[in-house]
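Visitor: Pasting a predicted model and its sequence here:
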Amino acid sequence: MKQRFAVPSSLAVLAVVACLCCPTFALNAPPLLTHHVRQVTLNGHAPLVGHLPETQSMRLVFVLPLRNQPDLHSLLSAVSDPNSQSYRHFLTVDEFTARYGPTQQDYDAVTHFAEAHGLTVVGTSRNRMNLDVTGSVANIEKALNITLGLYHDPTENRDFYAPDREPAPALSVQLWHISGLDNYSIPHPMLLRKSQIGQGVHSNATIGSCPGASFCGSDMRAAYYGGTALTGTGQYVGLLEYYGTDLKDLTTYYTNAHQTNNVPITLLSTDGTSVNCVARQGCDDTEQTLDMTQALGMAPGLTGLTMYIGSTDTALLNAMSTGTPLIYNLSSSWTWTPADPSTDDPYYEEMQLQGQTLFQASGDSGKWSKSQEYSWPSDNQYVISTGGTDLDTQSAGGPWASETAWSDSGGGISPNGVAIPTWQVQTAAGCSDCSQTLRNGPDVSANANFSFYVCADQTTCTENDYGGTSFAAPMWAGYVALANQQAVSNGEPTVGFINPTIYTIGLGTSYDTDFHDITSGSNGWPATVGYDLVTGWGSPNGDNLINALAPAANPSFTISASPNRIKIAQGSSATSTITTAVSGGFDSAITLSASLKTATFNPSTIPAPGSGTSTMTITVPKGTATGIYKIQVKGSGDGKSESALVEIDVVK
């Protein structure tokens, strides 16, 4: 039986005062759909040491949930299923918003709630998912019924702020998440230096074409693509970055490599975060600069490269999924630890339905484990988890020679408990190390060893010093930009989220020609024949994988006539418009002819690339017998010919 104690009157008064000073829960307010409280603040691992000043200003992101979830998840499967009529029929941002985005009514309700509680709206989003607000700690605590405390993290020996309980805004609209309520997790780049690893580290970059025989980004293009036809023309690459950069470092890299960058660079702040990063102010732009050099090295003819810069995952991912132009080739070389790993899923789902592909570095701490603080979002089911290898080439700027698993490549069984995706089930069944119930990673890999040329922080460049899966992710984004260039030139949509496709390739007969299967080395898990938990399916094998993702076109054209049935009197003439249309990259002049000698064309040849119209004039001599005649109209070009029939009815 519980004992009851009398409360002294003085303590009762104090209790009443305490209740008046503390936030109270809103009545009948629906709970948020994700959680926000850090476990370390609940279990006492991080003790409370104070509170945020009431007058301190903060920026938050109110995130609204997506609608029509059953239909959304059905379409997610369909757009990646070659047997579905919806295969690669991707949505635009506006179509996604109309079908799955929050309603305007709900968005307005959240806006009014924020303003009514003394918060200022400083950012909106076209998909109505994010509403950015600023306000004082006092107003935020009152609006959300929380207290923002200061806690001490003994692991990193620093203080961080975080809420003491789950937010409970008096809002009729149920929110998905509120970002910016803590700074417990400091984002980290997936980047290492030799000095961090110790003895035993070696580099195969003895024949790279950059200074010190280190690898340039262009060397990765030569090793993994090896062609010249595709450069990324018409495509953009988008990079997720938590800090800005100094583009002078990119200029230094190209100057020292004796190369020229012709791709326009856009630095885009997603939430007011500075786009500038200079060493004299304590900012390190190593990750940001190398991400650019790897993407640009693989796809030197990109139409543009955008660096998305922000302070929260929700701001960054939302900007990437709603940008203008929408960028299909995306890369993230950063890791962070959200309070709830499902927080980012709506953005990844939008990307997938819009045909975007996001490559995420898999990490640089070897075999994944639950004790690793930083593994997210490498094991998310909606990203292409990208591991690391140790590459050797045949010559400076030359082709691929050999490859082994990089010992620090992140990979293994999902430490965040992500369920195994359907497209991985069959592969896992044939993989003795894989989980049959949880997500396995990585999916693919590329060079990550300490073999690169890096310029950063407005100082002397380094040779064969930096490594990490952060090199591999933008490399892959550039590679898929080549595939998307080919797809678009073939008149096809972008390749979209490639995991369902590459897992099918991995189980098929073309696997060894599409991928370099890496069978030696270990990160704690061994590299094996086929899929493994250190290199995934391996690295791209020339243009073979590009042709598998975006099959080479069959150049062709069609020809038609309008009208195709004409009544003509003896001794008279009539006309029909001949139209040609090309597809699959057909690029040739088309010469027109007819089986009737008295038929003429203006023009007689439709110039390259072959789409156009011509007026065919049909003349019927006076002595022609009445009746129905069929005329074959023929178009010829590039060794191909097509025809159309025109029927004439000769009358008196």
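Guide: Cool, got the structure.
Visitor: Report the residue spans of this protein with pLDDT below the cut-off.
Guide: Along the chain, the parts satisfying pLDDT under 70 run over 1-29, 198-206, 373.
Visitor: what helix or strand is the residue nearest to the spatial centre of it on?
Guide: Closest residue to the average C-alpha location of the chain: Leu358 at 2.4 Å, with C-alpha atoms, centre = their mean. For Leu358, the host element (DSSP states H and E) is strand 357-361.
Visitor: List the contacts of Asn183.
Guide: For Asn183, the contact set (C-beta atoms under 8 Å, 6 or more residues apart in numbering) comprises Phe160, Tyr161, Ala162. Backbone N, C-alpha and C define where each C-beta goes, glycine included.
Visitor: swap the cut-off to 7 Å and go again
Guide: Counting by C-beta atoms under 7 Å, 6 or more residues apart in numbering, Asn183 makes contact with Phe160, Tyr161.
Visitor: Would you mind measuring from it to Arg158?
Guide: Asn183 is 10 Å from Arg158, where distance means C-beta to C-beta, to the nearest Å.
Visitor: Equivalent analysis for Gly478, please.
Guide: Separation of Gly478 from Arg158 (C-beta to C-beta): 36 Å.
Visitor: what are the C-alpha coordinates of the helix ranked longest in the chain, in PDB please?
Guide: As assigned by DSSP state H, the longest helix anywhere in the chain is helix 469-489. The C-alpha coordinates for helix 469-489 follow below in PDB (Å, rounded to 0.1, in the frame of the first residue of the first chain):
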ATOM      1  CA  THR A 469      33.100   7.600 -47.900                       C
ATOM      2  CA  SER A 470      32.400  11.300 -48.300                       C
ATOM      3  CA  PHE A 471      34.400  11.100 -51.500                       C
ATOM      4  CA  ALA A 472      32.400   8.200 -52.800                       C
ATOM      5  CA  ALA A 473      28.900   9.700 -52.400                       C
ATOM      6  CA  PRO A 474      29.300  12.800 -54.600                       C
ATOM      7  CA  MET A 475      31.300  10.700 -57.000                       C
ATOM      8  CA  TRP A 476      28.300   8.400 -57.500                       C
ATOM      9  CA  ALA A 477      25.900  11.400 -57.700                       C
ATOM     10  CA  GLY A 478      28.100  12.700 -60.600                       C
ATOM     11  CA  TYR A 479      28.000   9.200 -62.200                       C
ATOM     12  CA  VAL A 480      24.200   9.000 -62.100                       C
ATOM     13  CA  ALA A 481      24.100  12.500 -63.600                       C
ATOM     14  CA  LEU A 482      25.700  10.800 -66.700                       C
ATOM     15  CA  ALA A 483      23.000   8.200 -66.700                       C
ATOM     16  CA  ASN A 484      20.300  10.800 -66.400                       C
ATOM     17  CA  GLN A 485      21.900  12.800 -69.300                       C
ATOM     18  CA  GLN A 486      21.600   9.600 -71.400                       C
ATOM     19  CA  ALA A 487      18.000   8.900 -70.300                       C
ATOM     20  CA  VAL A 488      16.800  12.400 -71.100                       C
ATOM     21  CA  SER A 489      18.600  12.500 -74.500                       C
END
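Visitor: next helix or strand past that helix?
Guide: Sequence-wise, the next helix or strand downstream of helix 469-489 (DSSP H and E) is helix 499-506.
Visitor: Spell out the secondary structure type for Thr579.
Guide: The three-state label given to Thr579 by DSSP: H, G, I helix; E, B strand; the rest coil is strand.
Visitor: counting contacts, what elements does the one helix or strand Val425 maps to pack onto?
Guide: In this assignment (DSSP H and E), Val425 forms part of helix 425-429. The helices and strands touching helix 425-429, judged by 3 or more C-beta pairs under 7 Å, 6 or more residues apart in numbering; DSSP states H and E, number zero.
Visitor: buried ones in that helix?
Guide: For helix 425-429, burial by neighbour count (16 or more other C-beta atoms under 10 Å) applies to Thr427, Ala428.
Visitor: quick one, strands of the stretch 151-300 of the chain?
Guide: With DSSP state E, counting those that start in this stretch as the criterion, the stretch 151-300 of the chain has strands at 158-163, 177-179, 188-189, 192-193, 236-241, 265-269.
Visitor: Over to the stretch 1-150 of the chain?
Guide: For the stretch 1-150 of the chain, the strands defined by DSSP E, counting those that start in this stretch cover 48-51, 57-63, 120-124, 130-136, 148-153.
Visitor: Throw those strands into TSV and include mean neighbour count and distance to Tyr503, thanks.
Guide: Shown next, in TSV, are these (neighbours: other C-beta atoms under 10 Å; distance: least, C-beta to C-beta, whole Å):
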stretch	mean neighbour count	distance to Tyr503
strand 48-51	12	47
strand 57-63	22	31
strand 120-124	14	38
strand 130-136	23	32
strand 148-153	19	39
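Visitor: can you put the ones you listed in TSV and add distance to Val646?
Guide: What follows is the strands of the stretch 1-150 of the chain, written out as TSV (distance: least, C-beta to C-beta, whole Å):
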stretch	distance to Val646
strand 48-51	85
strand 57-63	60
strand 120-124	57
strand 130-136	58
strand 148-153	78
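Visitor: Which of the ones you listed sits closest to Gly208?
Guide: strand 148-153 (40.2 Å; C-beta to C-beta).
Visitor: ok and the closest one relative to strand 57-63, angle-wise?
Guide: Here strand 148-153 runs at 100 degrees with respect to strand 57-63, directions being taken by axes from the mean of the first three to the mean of the last three C-alpha atoms, to 10 degrees.
Visitor: ok now strand 148-153, how far from the chain's centre?
Guide: Distance, stretch centre to chain centre, for strand 148-153: 34 Å (C-alpha atoms, centre = their mean, to the nearest Å).
Visitor: Same question for stretch 512-531.
Guide: How far stretch 512-531 lies from its chain's middle: 24 Å, per C-alpha atoms, centre = their mean.
Visitor: ok, now stretch 305-321?
Guide: The chain centroid and the centroid of stretch 305-321 are separated by 11 Å under C-alpha atoms, centre = their mean.
Visitor: Same question for stretch 209-217.
Guide: 28 Å.
Visitor: next helix or strand past the strand holding Leu358?
Guide: Going down the chain from strand 357-361, the next helix or strand is strand 384-393, by DSSP H and E.
Visitor: Work out the sheet partners of that following strand and label each with its direction, please.
Guide: strand 357-361 (parallel), strand 400-405 (antiparallel), strand 444-447 (parallel) (DSSP bridges).
Visitor: between these, which gets nearest to Pro493?
Guide: strand 357-361 (12.3 Å).
Visitor: how far off helix 499-506 does that closest one point, in degrees?
Guide: Computed by the same axes, to 10 degrees, the angle separating strand 357-361 from helix 499-506 equals 70 degrees.
Visitor: Provide the contact partners of strand 357-361 at residue level.
Guide: Identification of contacts with strand 357-361 by C-beta under 7 Å, 6+ apart yields 190, 328-333, 351, 377-378, 383-386, 468-470, 472-473, 476-477, 480, 496-498.
Visitor: that older thread, for Ala295, which of the strands of the stretch 151-300 of the chain is the nearest?
Guide: Among the strands of the stretch 151-300 of the chain, the nearest to Ala295 by C-beta to C-beta is strand 236-241 (4.5 Å).
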